[in-house]
Each structure stands twice: as structure tokens, then as C-alpha cells.
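*Asks:* got a sequence here, can you model it:
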Amino acid sequence: MARPLQYWIQQKAKNRDYFLSRYILYLTVQYKNNYSCYLLSEWNRSDSEWTAWEFYDSQSGKGFFEVFRPANATDSSFTVQLKGLKNSASYKLTDTEGRFEVTVSGYELKTAGYTVTLA
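*Replies:* Numbers count the residues shown, from 1 in each chain. Sure, this is the predicted structure:
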């Protein structure tokens, strides 16, 4: 059975620090600090560079990642290489709005990554 991983896409939002702090608080309550936090891109405050991070609970095999596309980003897609996953496990990725669902191996998510595309 595939392990669940959700992802959020924040498109043209203004404050990435707010989103990150909100999810850290959520995870502290939800997972009682059993999760790992990974930065999936270079951290920056540019209004044109994508940023991504991942939270993953290795005990439950559940987690999520968020991709932040700032207001002036010109690229329509961004590839994230996830961390902390088991190479041999399958993971079911779903977006929070229920539009996309795909099952991918941990190995593929860690090496080739997953590309998020916004029009």
C-alpha cells in the first residue's frame, strides 16, 4: 500500500515565512515532533525564486511538502527531490485540493524528483 504524501502549492503568495511557521506549529501539535523538516530548495527572500520544504514523519510514513511560488516568479514549474523516504516504498502524492494523485517510488522521488507545474 502506498504511503500518503500531500503537497501544497502557494502561488503568488506574499509571505513565505508565515506559511512555514504555520506548518511548523501544525506539525508540532499533529505529530508531536516526530517529523523531520527538509529544505528542498535554497532558502531565499527573492520575489522571483521558488522555495520548497518538506515535513516527513518516518514513524508513520506520512508527510507533506509545500512549494512556494512568489509573485514575480517567471518559471511555470519547479522540481523537488524529496528526502527521508524509503527507496523501496511507494508513495501516493495528492494535492490538497484533490486535483492530482500519483503513486511514485521513494527512489524516484529522491533521485528524479517530482515536478510541480503552474500555468
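
*Asks:* what's the distance between Asn44 and Thr74?
*Replies:* 15 Å (CB to CB, to the nearest Å). For the C-beta atoms, the positions are set from N, CA and C on the backbone; glycine is no exception.

*Asks:* do the same with Trp50
*Replies:* Relative to Thr74, Trp50 is positioned 10 Å away (CB to CB).

*Asks:* compare the two (neighbour count), which wins?
*Replies:* Trp50 (24 against 5; other CB atoms under 10 Å).

*Asks:* with adjacent residues omitted, what lies nearest to the more buried one?
*Replies:* Take Trp50 and drop its neighbours on the chain: the residue closest to it by CB to CB, 6 or more residues apart in numbering is Phe78, 4.3 Å away.

*Asks:* what's near enough to touch that neighbour?
*Replies:* For Phe78, the contact set (CB atoms under 8 Å, 6 or more residues apart in numbering) comprises 41, 50, 52, 67, 69, 115-116.

*Asks:* got it, and Lys83?
*Replies:* By CB under 8 Å, 6+ apart, the contact set of Lys83 is 36, 38, 40, 54, 56, 110.

*Asks:* can you rerun that using 10 Å?
*Replies:* 36-40, 54, 56, 63, 65, 109-110 (CB atoms under 10 Å, 6 or more residues apart in numbering).

*Asks:* one more: Lys110?
*Replies:* Residues near Lys110 by CB under 10 Å, 6+ apart: 81-87.

*Asks:* moving C-terminal from the host helix or strand of Lys110, which element do we reach first?
*Replies:* Taking DSSP states H and E as the criterion, Lys110 maps to helix 106-111. Following helix 106-111 in sequence order, the next helix or strand is strand 114-117 (DSSP H and E).

*Asks:* my guess is Leu109 contacts Tyr91. True?
*Replies:* Yes. Because the distance of 6.2 Å satisfies CB atoms under 10 Å, Leu109 is recorded as touching Tyr91.
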